[in-house]
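**Student:** need the 3D shape of this:
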Amino acid sequence: MINKYIAELLKTNTRVIVPDFGAFMVKTTAGSDDKQISFNDFLKYNDGLLVNFITKTESISKEDAQKKIKTYVDAINKELKVNQPYKVDGLGYLYKDPRGSVRFKAGEDKPEAVEKPKSEPAKSAVTLDEKPKVADPVKVENPVVKKAVELGKPTTQVQGATLNDKLSQSKPSTTDAKPQVKTGTPETKKVAGGSVPPKQTTPKAAKPTASGGNKSGGIIITAAIVVVLGAAAIIGYLNLDTVKGWFGMNDKPAVMVDSAAIKANQHRLDSLKRVQFVKDSIEQVKQDSINKAEELKAKNQKKYYLVAGSFKTKKYAEKFVEGLRADGYNAEIFMERRGFYRVSYNGYVDRQEAFNEYRKMKEKNIEVWVLRY
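**Tutor:** Have a look, this model is predicted:
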């Protein structure tokens with residue numbers, strides 16, 4: 001019965017929305033009376049057209065009409081869930097495409113059931129028949145070790161023996177002759193007729209000084225010099241400041257601390273910081289004002305709107321906006337004229353961008369037009 005109501009409404013309306021399911025759309029070809037019916041599963045909100053028609057035709061309440069529509073939608077979904085087309089009497093068939101979207105085919109030809117593509121099993125990255133590769137044996141460069149490996153002997157023993165042999169060859173021999181030191185009396189020279197004993201040297205006597213005295217005079221003079229130098233050192237230590245004055249070592253630079261100058265400099269630095277802070281604050285306020293002005297300008301620059309519908313009641317218009325936003329559109333009520341509230345899918349500043357989106361929506365059989373406002 002509801003199929004009959006939809007067919008009757010499509011004769012006088014360009015769109016009939018089935019709440020919580022989708023909308024039947026009527027498209028008229030320019031210069032022809034032929035009408036093409038399509039289905040849009042994005043428009044699911046209740047605009048009241050179908051509910052009011054059922055309420056008036058069957059003389060029932062809106063709640064009962066909504067229950068009938070829900071039963072009707074459940075019956076359609078039950079058929080579509082098992083990929084079976086649902087026949088809408090007098091119009092055509094509803095069916096699901098491979099992506100799961102609901103589509104409509106006009107006429108009496110029943111579309112074939114759509115099967116979901118089967119996913120191919122993932123290929124295993126590991127081949128079971130493939131044998132693991134064995135690492136190449138380590139090459140033995142040492143000929144002794146290589147021979148030991150060929151004979152089946154442990155390599156470590158042969159290597160140890162080889163190292164011992166090398167170490168034994170590199171050690172110096174302990175039987176090397178050491179130089180012998182002869183002790184005792186010097187050898188006597190052999191001469192004809194006997195041996196001659198070696199010469200014996202006798203210490204020379206100290207020569208007398210020119211004055212005829214010994215070294216006692218020099219010792220006395222040296223002692224006197226040491227005493228004089230020691231006394232001078234003691235006197236100099238006791239009068240250290242005086243000695244430093246003789247050599248100019250007491251001239252230390254005077255350090256003057258000017259507290260007033262330090263305070264003045266600190267006050268100047270604080271003043272500079274305050275001035276810089278005021279400048280930064282003014283610049284920030286200025287930048288914020290520019291940003292707000294640009295945002296307001298961008299908001300008020302929208303000129304082209306993709307119109308989705310026009311409503312006489314603002315409440316219906318607001319509900320329509322909520323439904324479009326739930327479907328992902330940037331919908332809004334952008335104008336009110338002659339008692340009708342117009343709702344847009346989206347608004348654009350650039351004309352070309354608006355018409356590009358308009359063409360895309362028309363390809364999906366969505367009723368929309370562009371309005372410059």
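
**Student:** pLDDT below threshold where in this structure?
**Tutor:** Residues of the chain meeting the criterion pLDDT under 70: 30-33, 113-215, 243-257, 296-301.

**Student:** all strands of it, in order?
**Tutor:** For the chain, the strands identified by DSSP state E occupy 15-18, 22-28, 35-40, 86-88, 92-96, 102-106, 189-191, 194-196, 304-311, 332-337, 340-348, 369-372, in order along the chain.

**Student:** got the ones you listed as JSON lines, with distance to Leu9 and mean neighbour count columns?
**Tutor:** The way it works is simple: take the backbone N, C-alpha and C, and place the C-beta from them, glycine included. Rendered in JSON lines, the data for those read as follows (distance: least, CB to CB, whole Å; neighbours: other CB atoms under 10 Å):
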{"stretch": "strand 15-18", "distance to Leu9": "5", "mean neighbour count": "20"}
{"stretch": "strand 22-28", "distance to Leu9": "8", "mean neighbour count": "19"}
{"stretch": "strand 35-40", "distance to Leu9": "12", "mean neighbour count": "17"}
{"stretch": "strand 86-88", "distance to Leu9": "12", "mean neighbour count": "18"}
{"stretch": "strand 92-96", "distance to Leu9": "16", "mean neighbour count": "21"}
{"stretch": "strand 102-106", "distance to Leu9": "15", "mean neighbour count": "17"}
{"stretch": "strand 189-191", "distance to Leu9": "155", "mean neighbour count": "8"}
{"stretch": "strand 194-196", "distance to Leu9": "159", "mean neighbour count": "9"}
{"stretch": "strand 304-311", "distance to Leu9": "16", "mean neighbour count": "20"}
{"stretch": "strand 332-337", "distance to Leu9": "25", "mean neighbour count": "14"}
{"stretch": "strand 340-348", "distance to Leu9": "21", "mean neighbour count": "20"}
{"stretch": "strand 369-372", "distance to Leu9": "21", "mean neighbour count": "12"}
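
**Student:** out of those strands, which is closest to Ala293?
**Tutor:** With distances scored as CB to CB, the stretch of the strands of the chain nearest to Ala293 is strand 340-348 (19.7 Å).

**Student:** quick one, that closest one and strand 332-337 angle?
**Tutor:** Angle between the axes of strand 340-348 and strand 332-337 is 140 degrees (criterion: axes from the mean of the first three to the mean of the last three CA atoms, to 10 degrees).

**Student:** check which helices and strands strand 340-348 sits against.
**Tutor:** In terms of contact count using 3 or more CB pairs under 8 Å, 6 or more residues apart in numbering; DSSP states H and E, strand 340-348 is assigned the packing partners strand 304-311, helix 314-326, strand 332-337, helix 351-363.

**Student:** partners of it, with directions?
**Tutor:** Strand pairing for strand 340-348, determined by DSSP bridges: strand 304-311 (antiparallel), strand 332-337 (antiparallel).

**Student:** thinking again about what came up before, would you list the strands of the chain in JSON lines and tack on distance to Glu357?
**Tutor:** As requested, the strands of the chain are exported to JSON lines (distance: least, CB to CB, whole Å):
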{"stretch": "strand 15-18", "distance to Glu357": "20"}
{"stretch": "strand 22-28", "distance to Glu357": "18"}
{"stretch": "strand 35-40", "distance to Glu357": "16"}
{"stretch": "strand 86-88", "distance to Glu357": "30"}
{"stretch": "strand 92-96", "distance to Glu357": "26"}
{"stretch": "strand 102-106", "distance to Glu357": "22"}
{"stretch": "strand 189-191", "distance to Glu357": "131"}
{"stretch": "strand 194-196", "distance to Glu357": "136"}
{"stretch": "strand 304-311", "distance to Glu357": "6"}
{"stretch": "strand 332-337", "distance to Glu357": "15"}
{"stretch": "strand 340-348", "distance to Glu357": "7"}
{"stretch": "strand 369-372", "distance to Glu357": "9"}
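
**Student:** burial measure for the closest residue in space to Leu91 that isn't next to it in sequence, as a count.
**Tutor:** Counting by CB to CB, 6 or more residues apart in numbering, Leu91 lies nearest to Ala7, which is 5.7 Å off, once chain neighbours are set aside. Number of residues near Ala7 (other CB atoms under 10 Å) recorded here: 16.

**Student:** any idea how far Ala7 is from Lys35?
**Tutor:** Going from Ala7 to Lys35 by CB to CB, to the nearest Å gives 12 Å.

**Student:** ok, now Ala224?
**Tutor:** Separation of Ala224 from Lys35 (CB to CB): 145 Å.

**Student:** what sits against Lys302?
**Tutor:** When contacts are counted by CB atoms under 8 Å, 6 or more residues apart in numbering, Lys302 is found next to Phe334, Gly347, Tyr348, Val349.
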